[in-house]
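S.K.: no sequence on this one, just coordinates:
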């Protein structure tokens, strides 16, 4: 039998999928006995459909696909959590299998969607929602399940990784790095989702849910972005033997699960430290397998379409064999989330202060008052001469104490020069 | 239903599997609905069975497992290609599914075993045969199948990678590095399979067969080991911006597939260049996904058992669902193998020559005679003062011409000082 596909969305990823189907349709049949047919394509943009030679199967109304009894698999590539949610829920309700690349949708409505899929005995596959082309969800749902996974660390946002790489290697300012990323097409005109960490937060919510068999949603991820990072921070980190990455972190701890996104100092010897530019990588530690890492291109037509079509072919294989979904929702546990306040780690904190006597002593005093032990302090001059960078690195400390230190330091006379908020980078061992 | 397992072999990996089953049996049921029971264990060594508390289900005769009608899955962990082959073929003939970690077996008898499995509608899974705990076979058979894979490069032997790392970072001699690897338990008393490249060759034969949908066997892999490598080679490479790795290489070319194992100079910027010590990594390039890499621990009880048990749980899931094998042998194409002689690459060649006039000129003449263009030549003195290292790096050249150059240079008076064979390292871009 031929498995029929309905594709919704003909942007970058959708176009990539059409290309793969046109190029490798015969290979899939010969190598794997999987016969697929792109039966219907929906887009707001008829020109994109025409450009790909699919005008004969084109529609502007996705209901045509949902209501088409021949369609076995609906591929959702429109993004967002409104129209995409309606589409996915309607497709599942109509008994269609769904493949999606939609991280925001799965990180916010994952439970609802997977429950409906389980109820309908339909598959919902979303490999492309994390790490672009990198196989990570499938290995975590299959190859690694004999492990208790204890840690997932991800460089899962290519835009910010590109910016931080340029800032570190070429001493580029944040603004210039962002402009360049936008010019290269790596960053959106509104870069909020990337630079403020929300894109990475959605991805780690998805990975944590799978890794710990316990649902984590986007709003539960403590998230900080990279807006405060300056080349001086990257240089200081390097001198200490570290790099700075926007890291998506999920840890299993005795108290529950700890899920967060923030700029992080990583030792230069860490497998993730050499992941530069727009590349992504996910580092997974399991109790049997030890350290593993999955590396590749996190975005772009080819990589994302590779992941989407990998899912499509897997579901098609099951449809052909008449096999009901073998893996549904695996969030069978309900682990508590560890609040960010109780995090214990080392901290890099850069204050901008007035260059005059007494300020250093006053700040040091605040650290002592809150029982935060200082590992090193460096005062770095800036070009203006009016304000200087005052960089503290602490020993192990609790987040709530660090927050109290920062609040109190910021009240001191001579701190917050030029209204610069302190920059905080947590240190990962 | 409970899926019953028969485990044969209680060495490092077998013991690791028993540990995982005992530790996570209830988790598998709760998270995935997979219920497994270790029903029988076979070993030549009763003490190992007793040490793991499995004496009640112990046998010294594997036929007890093959003939046990309750056993669904046979786990083969005895290694080698004689008894292991008999066991695997008998298990499949008896209608049992088989999970194995046996690279030599799959690289030599893979076709025969997979044909029997297909005929018997049984599964044969072998994730642990390559890269220890790293998920690589499963991603290549599922997540990445929408790609035409064009290149697979692997650091798939931890012993030699450990030795080369110690030689490069600590200027250790080959012999000292080998002794240390043996003392640490990374290398066998007879290190032939590792240092001569046969272990890596078996692994790349398996990966190439999957990547190119065309069967490659161990004897078809052109194989050279690391015995000729000295710290001076690693230093010279580093000065040129390269590292040296024992690389397992599989390329799809216009003329066919090119599969080989040899010491290779890799640019320090390559994702594989930072894979040090006993870690393994496999770098895969597909036409849609671009560059990907899979990294982790290539050996040891935990990692290998993680991969074996991942396979066991996947097969058990299918057994419970009453699902027949979804993926059998995928070697549907019959691509020609490119002979090593027609390889084109750049070469690093170190001759040991007598330290006297005329030798350099004579060697340079041979390169010119065979039309091999020289990129650089460096003569390096040794402590003895009687012989010196003469290192050539070529531009792109053909393997057959390089072989002719080496044969002719070795005939020259003053070359092969102290009977040192030339050391050849191919350069990967």
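M.R.: Now that the structure is in, tell me what you want to look at. Being a predicted model, the structure only gives us computed values, none of them experimental. Numbers count the residues shown, from 1 in each chain, chains lettered A, B, ... in the order given.
S.K.: only C-alpha atoms for contact and neighbour calcs from this point on.
M.R.: Noted.
S.K.: Report the beta-bridge partners for residue A:258.
M.R.: Residues in a beta bridge with residue A:258, per DSSP bridges, are residue A:251.
S.K.: Check whether stretch A:115-126 comes into contact with chain B.
M.R.: No: residues of stretch A:115-126 are not located near chain B by C-alpha under 8 Å from any C-alpha of the partner chain, the shortest gap being 11.2 Å.
S.K.: So what would you say the end-to-end distance of that stretch is?
M.R.: 15 Å (C-alpha to C-alpha, to the nearest Å).
S.K.: I'd like the average pLDDT over it.
M.R.: The pLDDT scores in stretch A:115-126 average 98.
S.K.: What is the distance between it and the centre of its chain?
M.R.: 23 Å (C-alpha atoms, centre = their mean, to the nearest Å).
S.K.: try stretch A:417-426
M.R.: On C-alpha atoms, centre = their mean, the centre of stretch A:417-426 falls 25 Å from that of its chain.
S.K.: what do you get for stretch A:400-410?
M.R.: 29 Å.
S.K.: Also stretch A:322-331?
M.R.: Distance, centroid of stretch A:322-331 to centroid of chain: 25 Å (C-alpha atoms, centre = their mean).
S.K.: Tell me if it is near chain B.
M.R.: Yes: interface with chain B: stretch A:322-331 contributes A:323, A:326, A:327, A:330, A:331 (C-alpha under 8 Å from any C-alpha).
S.K.: How many neighbouring residues does the second one have?
M.R.: Residues contacting residue A:326 under the criterion other C-alpha atoms under 10 Å in any protein chain shown number 16.
S.K.: Equivalent analysis for the fourth one, please.
M.R.: Here the number of neighbours of residue A:330 (other C-alpha under 10 Å) works out to 19.
S.K.: List the residues that contact the residue nearest to residue A:93 when sequence neighbours are not counted.
M.R.: Closest residue to residue A:93 in three dimensions, ignoring its sequence neighbours and counting by C-alpha to C-alpha, 6 or more residues apart in numbering or on different chains: residue A:120, at 6.9 Å. By C-alpha atoms under 8 Å, 6 or more residues apart in numbering or on different chains, the contact set of residue A:120 is A:92, A:93, A:95.
S.K.: who wins for most neighbours among these?
M.R.: Result: residue A:92 is most packed of the contacts of residue A:120 (other C-alpha under 10 Å), 25 neighbours.
S.K.: May I see the buried residues of the helix or strand hosting it?
M.R.: Using DSSP states H and E, residue A:92 sits within helix A:83-93. Neighbour-count burial for helix A:83-93, counted by 16 or more other C-alpha atoms under 10 Å in any protein chain shown, picks out A:84, A:85, A:87, A:88, A:89, A:91, A:92, A:93.
S.K.: Pick out whichever of those sits closest to residue B:24.
M.R.: Closest to residue B:24 out of the buried residues of helix A:83-93 is residue A:92 (33.0 Å), distances taken as C-alpha to C-alpha.
S.K.: what's near enough to touch that closest one?
M.R.: Here residue A:92 is in contact with A:98, A:116, A:117, A:120, A:122 (C-alpha under 8 Å, 6+ apart).
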